[in-house]
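Enquirer: structure, please.
(2 chains)
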Amino acid sequence: MNRYTIAVLVRNQFGVLNRVTSMFRRRQFNIRALSVSETESSAFSRITVTFDGEEEYKQQLVNQLYKLPDVCSIKEFTPGNSISCELLLIKMKNDSETRDEIRAAAEAFGAVTVDYSKESMTFRLTDNAGRIDDFINLMRDYEILEICRTGSVSLEKGSTTIRQIMNL
Amino acid sequence: MLLSGADILVNTLIEQGCDTVFGYPGGQILNVYDSLYTHQDQITHVLTAHEQGAAHAADGYARTTGKVGVVISTSGPGATNLVTGIATAYLDSIPLVAICGNVPTTQIGSDSFQEIDITGVTLPITKHNYFVGSVEQLADTVREAFALAKSGRPGPVLIDVPKDVQVAMCAYEPKPPAQADAPCAAKQLRIEQAAAHINAAKRPYVYFGGGLITAGAQEEMLALAEKIDAPIGCSLMGLSGIPTDHPRFLGMQGMHGHYASSMAMHHADLIVSLGVRFNDRVTGNRAKFATNAKIIHIDVDGSELSKTVNAVCGLRGDVKQTLEKLLPFIEENKKAEWNQTVQKFVEEEREVLDNRPGLTPRRAILTLNQHLGENTAVATDVGQHQMWAAQSLNFKKPRRFVSSGGLGTMGFGLGAAIGAAFGTKERSVLITGDGSFGMCLNELATAVSYRVPVVILIMNNGVLGMVRQWQTLFYNQHYSNTVLNRKTDFVALARAFGADGESVSTVEALDTALAHAFASDMPYIIDCAIDKDEFVLPMLPPGGSMDDIIVKVGD
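Expert: Residues are numbered from 1 along each chain as shown, chains lettered A, B, ... in the order given. All right, here's what the predicted structure looks like:
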């Protein structure tokens, strides 16, 4: 089982996300994370999908994506060829017993305190998915009140862009 | 030129080369029908009895002509009635453009009368669909839909046009018909790899499906088979692709395929697969499917390569162009030993052929063969009759077998036969069963209204034969809800609709009835009595392999 991250450049049109996720649902592709955003051009949106599976599974998913007329380009990312990051917000219970340990861990990971109350502390961490997993695992020793993470976004290293490999 | 959306829609259809559409009017598509009225000298609208029939007719028209079929319906129930027809076309990769009316854009999302989210409903059964939000987008959307429907692997495309978009005015400039994407051959490297495998093969088998017919690659395939001295088989969707009596052709393989064809595939060491998708009805148990064979798979849709069976070499590209490039790399090579083996399979098949006297299913189809012209399209419904037809019909020209292969839609046949008659501009034939015919026989009214001379052969066994066959073999003969024994008098029914017909129970009577039917200028029903215990054989049990093949009852 491998973890794959792919970026999909799609036409920025009403209902495109639905078309992509409907295909995933229909063919029972199981997605770990998915993020959508606008891009440098108003004509396109960018969907970043993370999923686990074997090579054939990934190939089938990519092939099926290519069949959607709204899909303009697909780029697969590996840790070696790309910059990936993800945003985490994590709300921890705040009590005198664990406060210092939690704050020390947060500091070690470079997480920023974005909210602080008598009962809770909320940290923001921007990093690759693996480091975010590590931080969350560390926090499991304490009381986690709430977690929200965005899913990965990725760009290729160097000057190459996804629009240069467009198959339009 | 300033035109209403409705006029733009109809003008764009005409501009795309569309001269026949099938459909049914209603409240939210009235403006388009008004425009069809004023353009009736340029475009013929065929009014069916039900939107499903219209969708199947557009599908039958597309299958027989290779052109894009067009179906028009109103919103809500009109649109949902198209769903089975669209899904049928989707599973068989048939180019179809479905146009639906909808409530005005200002009312969308408010659950208005006859409002349905048809783009949402048809998302998984269309290649793509469009909601036209403004009249300015309409003409180009229709053009894009036509291009998409016929590009690459064809399929249905739906366009949802709200009422106010049909009313709004906009400038319209005619454009030339949209072209399908130019077909491309597979990559050269892959072609050379495939050639190396093919040249090394000792027991090759050439296997084709509907994709070969779409690509029009018959000649190239025959040239390949000739060079490598291979037998040829096909899937259900491939039928009529090459003349049935071609000396290399072993017929359809698969669950109810010809014994020799399935055996040759099973024993091959290499299968050249052209425009097929290795559906479960083709492979049976995939773990035991053609275990000794390397599979070379050429398909225009890359997602079909290694989707269900692993190909040693997958070539994504147009079948015709890829074969053209492949042929020069192929060495001519006779395979006497392999062809002797294949010949042995053919003889074994001949030995178990059903030659019983009387009106057996096979004799009924063979009798029909004698009346078919070389251009006659034959549509079927789904069930035992479909398999009997697939096994024994004799075709001379491609695109003359019209059958729901992927979805297996009972009720497909009559609408499709009507569409086929419009497409071929001559008499068509429907082979159906009493079960299937009962589903959509309302289209008899359409055939009569338009004087479409469809020969309707009902293989009437009083039961849902295929399901019953499974109940006999795998469900302890519990004939749960498969015994129809209805009191329907099909000949009286034909007359009630304004057609004619007769009942037959002998081969001679069938022959005479077919002569009457083929001389009639109206639909003609032949109610042909078939024993309820007839089986479709051979049969590979579901999930079975060639080791489990049933060739005779009582095996």
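Enquirer: look up how far B:Thr322 lies from the nearest residue to B:Trp388 once chain neighbours are set aside.
Expert: Distances taken as CB to CB, 6 or more residues apart in numbering or on different chains place B:Pro361 nearest to B:Trp388, at 4.2 Å, with adjacent residues excluded. Every C-beta, even on glycine, is put in place using the N, C-alpha and C of the backbone. Per CB to CB, to the nearest Å, B:Pro361 is found 38 Å from B:Thr322.
Enquirer: now do B:Gly26
Expert: 45 Å.
Enquirer: who has more neighbours out of these two?
Expert: Shown here are B:Gly26 and B:Thr322; by other CB atoms under 10 Å in any protein chain shown, B:Thr322 has more neighbours (27 against 20).
Enquirer: remind me which residues of chain B are low pLDDT?
Expert: Filtered on pLDDT under 70, chain B yields the residue ranges B:554-555.
Enquirer: how many residues are close by the residue of it found nearest chain A?
Expert: Nearest residue of chain B to chain A: B:Ser303, at 3.5 Å (CB to the nearest CB). Neighbourhood size, B:Ser303 [other CB under 10 Å]: 20.
Enquirer: and for it, nearest residue in space, chain neighbours not counted?
Expert: A:Asn63 (3.5 Å).
Enquirer: phi and psi next, for that neighbour.
Expert: Backbone torsions of A:Asn63, given as degrees, to the nearest 10, read phi -60, psi -40.
Enquirer: what's around it, how many residues?
Expert: Neighbours of A:Asn63 (other CB under 10 Å): 18.
Enquirer: do B:Leu189 as well
Expert: Counted with other CB under 10 Å, B:Leu189 comes out at 8.
Enquirer: that older thread, and the residue nearest to B:Trp388, backbone torsions?
Expert: Taking degrees, to the nearest 10 as the convention, B:Pro361 sits at phi -60, psi -40.
Enquirer: ok, it - contacts?
Expert: The contact partners of B:Pro361, by CB atoms under 8 Å, 6 or more residues apart in numbering or on different chains, come to B:Asp354, B:Gln384, B:His385, B:Trp388, B:Met459, B:Ile530, B:Glu534, B:Val536.
Enquirer: in the one helix or strand A:Leu89 maps to, what's buried?
Expert: Take DSSP states H and E as the rule and A:Leu89 turns out to sit in strand A:82-93. By neighbour count on 16 or more other CB atoms under 10 Å in any protein chain shown, the buried set for strand A:82-93 is A:Ser82, A:Ser84, A:Cys85, A:Glu86, A:Leu87, A:Leu88, A:Leu89, A:Ile90, A:Lys91, A:Met92.
Enquirer: could you pull up the residues touching the third one?
Expert: Read it as A:Cys85. Residues in contact with A:Cys85, defined by CB under 8 Å, 6+ apart, are A:Thr126, A:Asp127, A:Asn128, A:Ser152, A:Val153, A:Ser154.
Enquirer: repeat the analysis, applying 6 Å as the threshold.
Expert: A:Cys85 is in contact with A:Thr126, A:Asn128, counting by CB atoms under 6 Å, 6 or more residues apart in numbering or on different chains.
Enquirer: and it, bridged to which residues?
Expert: Beta bridges link A:Cys85 to A:Val153, judged by DSSP bridges.
Enquirer: who in the stretch 301-450 of chain B is up against chain A?
Expert: B:Gly302, B:Ser303 (CB under 6 Å from any CB of the partner chain).
Enquirer: helices of the stretch 301-450 of chain B, start to end?
Expert: For the stretch 301-450 of chain B, the helices defined by DSSP state H, counting those that start in this stretch cover B:319-326, B:336-352, B:361-369, B:384-392, B:413-424, B:434-440, B:444-449.
Enquirer: and the angle for the third one with helix B:384-392?
Expert: To tie it back to what came earlier, the one meant is helix B:361-369. Angle between the axes of helix B:361-369 and helix B:384-392 is 70 degrees (criterion: axes from the mean of the first three to the mean of the last three CA atoms, to 10 degrees).
Enquirer: so which bits of helix B:361-369 are buried?
Expert: Buried residues in helix B:361-369 (16+ other CB under 10 Å): B:Pro361, B:Arg362, B:Arg363, B:Ala364, B:Ile365, B:Thr367, B:Leu368.
Enquirer: give me the pLDDT for the residue in chain A that chain B sits nearest to.
Expert: Residue nearest to chain B within chain A (CB to the nearest CB): A:Asn63, separated by 3.5 Å. Listed pLDDT for A:Asn63 reads 94.
Enquirer: that one and A:Arg149: what is the separation?
Expert: For A:Asn63, the distance to A:Arg149 - CB to CB - is 29 Å.
Enquirer: go on, B:His197?
Expert: Taking CB to CB, one finds B:His197 at 47 Å from A:Arg149.
Enquirer: do the same with A:Arg99
Expert: According to CB to CB, A:Arg99 and A:Arg149 sit 23 Å apart.
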